[in-house]
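**Student:** Take this sequence and fold it.
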Amino acid sequence: MLALILSFLSFLPQQDTVPADTVRANRVLTVNRVLIIGNKITRNAIISRELSLKAGDTISSNRIEKILTLDKNKIYNLRLFNTVMVRWIDLGTQEADILVDVSERWYTFPVPVFDIADRNFNEWIQNYGGDFSRVNYGLRLYQYNFRGRNETVRLTAQFGFVKRFELSYRLPYIDRKQKHGLIFDFDYVEPKNIAYATEDHKLVFLRADENLRTTVGAGISYTYRKSFYQTHLLTAQFRNSHINDTVAFLNPNYYGNGRVRQRFGTLTYSFNADHRDVIAYPLNGYQVAATVEKVGLGLGDDVDLWSITAAYAHHREVAKGWYFSNFTSFYRMFPERQPYAQLFGLGYKRQFVRGYEVYVVEGPFYALNKTTLKRRIFSRQWDFGRMRIEQFRYFPISIYAKVYADMGYAENNPLYREQTLNTRLSNRWLGGLGAGLDIVTFYDFVTRFEYTFTREGTSGFFFHVRKEF
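**Tutor:** Numbering: from 1, shown residues only. Below is the predicted model of the structure:
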């Protein structure tokens with residue numbers, strides 16, 4: 001499948017190059033001033049942090065356009081602005097001014113919670129018939145760009161299928177050089193319906209009138225943004241959970257050995273090198289990400305687990321309006337034998353082969369590859385200048401037609417192997433091939449409509465509200 005797409009690329013027209021005679025005569029420029037306009041809430045320092053050029057810097061006129069394009073993408077990826085324009089003003093000498101013009105977004109969102117409790121829309125429809133009793137409701141409040149410093153406050157009060165209360169406070173920078181930051185998290189969760197087992201790669205749920213599990217968690221994260229594109233994250237968390245006796249009876253391995261309580265600390269280190277043009281829906285650039293996690297710190301914890309996850313994504317324009325992207329990831333945990341509550345694999349956290357959205361393939365190891373070729377078929381921007389609320393005047397929309405091919409492999413869980421369970425999709429390569437449409441619009445909202453054929457001979461329509469990877 002991957003070879004088919006790659007061979008198709010060879011027949012595409014090559015991207016036009018700029019003739020040499022269109023390039024301006026090269027000069028050495030000195031930056032005179034950096035001017036920032038349009039930011040009524042956002043502090044100048046948050047924007048200037050993303051700029052490569054400062055007052056007094058020198059740069060050749062042949063390189064300045066490329067540098068400012070990269071800076072424009074970095075500012076836009078803060079997700080604070082609807083539009084960003086960065087250009088240089090030739091002062092007619094050996095000097096130039098840098099002008100940054102931004103249009104701010106709306107930063108306060110009280111969002112009603114009305115979503116499904118399942119992993120995705122397709123699982124809710126196909127496995128549970130669109131049962132509205134599996135819907136959560138409540139209120140989620142987002143305060144972006146708090147104090148104009150790109151800080152984020154999130155409050156959640158959720159009821160229904162899963163009762164959940166959350167508080168998160170993100171401070172991206174706590175120092176003048178804007179390299180160090182902190183994140184504080186707290187959550188309290190009480191579901192009356194939980195997945196207590198997996199049968200034929202589908203989650204089996206238990207529903208009751210009383211709470212089936214109570215979990216309290218708290219964590220603190222330290223972030224270090226060494227450069228424009230590299231971020232390090234160190235997180236310490238503690239979780240305390242208790243399950244109903246019925247859950248432990250139906251699956252004694254839920255917490256292991258029939259236990260009804262589980263406590264553990266977690267230490268996680270993550271590295272992210274993100275060189276994508278637009279994080280919300282990248283078309284060019286690449287990303288390298290890796291995470292090492294230790295669950296159970298040896299202080300009377302009930303879990304002992306190491307895991308490592310790594311991923312690489314590459315995006316590029318292969319011809320005018322044609323875009324190729326590829327994503328590869330793998331996961332490994334050890335010891336391999338773990339309680340059911342700690343199992344992971346394909347099907348969790350958007351790590352799935354397209355066409356298998358309704359399944360999970362749990363085990364100590366998986367590898368995944370996704371390849372997409374897309375063509376932009378429509379792109380337009382509207383500016384409703386008469387709208388009173390300035391932050392909603394700008395409305396862009398882009399539509400992409402695409403074909404894709406995915407493949408993945410997951411080892412079976414040792415306990416499943418011993419009991420001959422969940423063997424249909426494990427220890428074998430899975431494949432999905434399909435076509436679809438992506439719609440990208442304002443405030444980074446992405447919808448995907450896909451029709452996929454699988455290696456097992458099945459096919460179906462799938463709907464998603466997030467980017468592929």
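**Student:** lowest-pLDDT helix or strand in the protein?
**Tutor:** Taking all helices and strands of the chain together, the one with the lowest average confidence (mean pLDDT, DSSP states H and E) is helix 2-9, at a mean of 41.
**Student:** Quick check: next helix or strand after that helix?
**Tutor:** Past helix 2-9, further along toward the C-terminus, the next helix or strand under DSSP states H and E is strand 28-37.
**Student:** Quick one: mean pLDDT over that following strand.
**Tutor:** The average pLDDT for strand 28-37 rounds to 95.
**Student:** now swap in stretch 42-55 and tell me
**Tutor:** The predicted model gives stretch 42-55 an average pLDDT of 95.
**Student:** Could you tell me how far that stretch lies from the centre of the chain?
**Tutor:** Going by Cα atoms, centre = their mean, to the nearest Å, the spacing between the C-alpha centre of stretch 42-55 and its chain's C-alpha centre is 25 Å.
**Student:** Alpha carbons of that stretch, as CSV, please.
**Tutor:** Only the C-alpha atoms of stretch 42-55 are listed here, as CSV (Å, rounded to 0.1, in the frame of the first residue of the first chain):
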residue,chain,number,x,y,z
THR,A,42,-1.1,39.6,24.5
ARG,A,43,2.1,41.0,25.9
ASN,A,44,4.8,42.0,23.4
ALA,A,45,7.3,39.7,25.1
ILE,A,46,5.2,36.6,24.2
ILE,A,47,5.4,37.5,20.5
SER,A,48,9.0,38.8,20.4
ARG,A,49,10.0,35.4,22.0
GLU,A,50,9.2,33.7,18.7
LEU,A,51,11.2,36.2,16.5
SER,A,52,14.7,35.2,15.3
LEU,A,53,15.7,38.8,14.6
LYS,A,54,16.1,41.6,17.2
ALA,A,55,16.9,45.2,16.9
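**Student:** Pull up the gap between the residue of the chain most remote from its centre and R33, please.
**Tutor:** For the chain, the largest distance from the centre (Cα atoms, centre = their mean) belongs to T93, which lies 45.4 Å off. When distance is defined by Cβ to Cβ, to the nearest Å, T93 is 13 Å away from R33. Where C-beta positions appear, they are placed from N, C-alpha and C, glycine not excepted.
**Student:** Equivalent analysis for Q381, please.
**Tutor:** Summarising the geometry, the distance separating Q381 from R33, computed by Cβ to Cβ, is 29 Å.
**Student:** and if you look at H232?
**Tutor:** Looking at H232 against R33, where the rule is Cβ to Cβ, the gap reads 33 Å.
**Student:** swap in N150?
**Tutor:** 23 Å.
**Student:** out of those two, which sits in the more crowded spot?
**Tutor:** N150 (23 against 12; other Cβ atoms under 10 Å).
**Student:** wait, doesn't that one sit right on L78?
**Tutor:** Yes - taking contact to mean Cβ atoms under 8 Å, the distance of 6.2 Å between N150 and L78 places them in contact.
**Student:** shared neighbours, those two?
**Tutor:** Taking Cβ atoms under 8 Å, 6 or more residues apart in numbering as the contact rule, N150 and L78 both touch I46.
**Student:** Compute the number of surrounding residues for T108.
**Tutor:** A total of 11 residues lie near T108 under the criterion other Cβ under 10 Å.
**Student:** make that Y366, sorry
**Tutor:** By the other Cβ under 10 Å criterion, the neighbourhood of Y366 contains 27 residues.
**Student:** packing partners for the helix or strand harbouring it?
**Tutor:** Assigned by DSSP H and E, Y366 belongs to strand 365-383. Counting contacts by 3 or more Cβ pairs under 8 Å, 6 or more residues apart in numbering; DSSP states H and E, the secondary-structure elements packed against strand 365-383 are helix 2-9, strand 322-334, strand 345-346, strand 394-410.
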